[in-house]
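Engineer: From the sequence below, what's the structure:
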Amino acid sequence: MKSLKQIEYLGWGFFGVSFALFLGPAIYLSWRFTYEAANNATRVGIGIVLAVMAAGLLTWPINEFLYRRHRRKVADERKKQRKLKKKRGKR
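Structural biologist: Model prediction:
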């Protein structure tokens, strides 16, 4: 179970890095596409929401891939343990 937590921490770290990378362009886009009368806090808020959505869409398939790879690895280890147990039982 410890390695599953490591994957979760890795996923959140990747999300944080991608969020930081998307934050600048997202705020710029929100600044470009909002009206002149819009409040600056509104523009920054829209940029933050856009950055979170973009980071989530990017990290979701990567996290899913890492989780499935981990699950396959654990299943293979269990399969090997069962085979060893059967061999020991036959002797």
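Engineer: For Leu29, give its distance to Val17.
Structural biologist: 20 Å (Cβ to Cβ, to the nearest Å). Bear in mind the C-beta positions are built from the backbone N, C-alpha and C, glycine included.
Engineer: Those two: which has the busier surroundings?
Structural biologist: Neighbour comparison, Leu29 and Val17: the larger count goes to Leu29, with 16 against 12 (by other Cβ atoms under 10 Å).
Engineer: Now the lowest-mean-pLDDT helix or strand in the chain: buried residues?
Structural biologist: Sorted by mean pLDDT, DSSP states H and E, the helices and strands of the chain end with helix 2-33, the least confident at a mean of 86. Judged by neighbour count (16 or more other Cβ atoms under 10 Å), helix 2-33 contains these buried residues: 11, 14-15, 18-19, 22-23, 26-27, 29-30.
Engineer: tally of neighbours for Arg68?
Structural biologist: Each residue near Arg68 was counted by other Cβ under 10 Å, and the total is 10.
Engineer: what's the distance between it and Trp60?
Structural biologist: As judged by Cβ to Cβ, Arg68 and Trp60 stand 13 Å apart.
Engineer: With Phe14 instead?
Structural biologist: Phe14 is 11 Å from Trp60, by Cβ to Cβ.
Engineer: Now Ala38: which helix or strand?
Structural biologist: Element membership for Ala38 (DSSP states H and E) is empty, with no helix or strand holding it.
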